[in-house]
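In: pasted the sequence and its predicted model underneath.
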Amino acid sequence: MKSSWNGISENESERSVGISRHAEMRRKQRGYVAGDVDLVFQYGTPAKGGVLLTNKDVERAKHDVKCHIGRLERLAGTVVIVKGNVVASVYRPRTCQRRRMTRKTTPRSRNRWIKTRGKRS
């Protein structure tokens with residue numbers, strides 16, 4: 001569950017709330033990494049003068065993440081075909097199609113490899 005901060009939606013609050021040099025220095029001194037502040041804004045509870053991440057907020061966030069992981073596992077192997085800015089199709093390809101889609105280079109025939117193996121450039 002994503003909360004809003006001071007009546008501003010999550011995305012708007014991230015864009016409109018900057019961090020002062022003082023706060024950035026204190027954040028680093030206290031062992032917080034850059035994304036920690038964003039997580040507090042995302043899952044925290046609005047409080048006087050700021051946002052507080054309570055134990056209840058953490059439990060709610062853990063539940064959200066577990067649900068998200070379950071959905072990702074269910075969607076593994078799914079292909080979404082996009083034409084321009086429109087989703088044209090959604091499907092689960094067969095194994096051979098999936099391999100073809102993830103292949104890094106075009107396949108070379110074995111005979112071509114054997115013929116060029118002994119030659120130096």
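Out: That came in fine, so what should we check first?
In: now the nearest residue to Leu53 once chain neighbours are set aside: phi and psi?
Out: Nearest residue to Leu53, sequence neighbours excluded (Cβ to Cβ, 6 or more residues apart in numbering): Gly44, at 4.3 Å. No exception for glycine: its C-beta is placed from N, CA and C like everyone else's. For Gly44, the backbone dihedrals (degrees, to the nearest 10) come out as phi -70, psi 170.
In: what's the neighbour count on Gly44?
Out: By the criterion of other Cβ atoms under 10 Å, Gly44 has 19 neighbours.
In: that one against Val51, yeah?
Out: Yes. Judged on Cβ atoms under 8 Å, Gly44 makes contact with Val51 at a distance of 3.9 Å.
In: which pLDDT value goes with the residue nearest to Leu53?
Out: Predicted confidence (pLDDT) for Gly44: 94.
In: with Thr54 instead?
Out: Thr54 carries a pLDDT value of 95.
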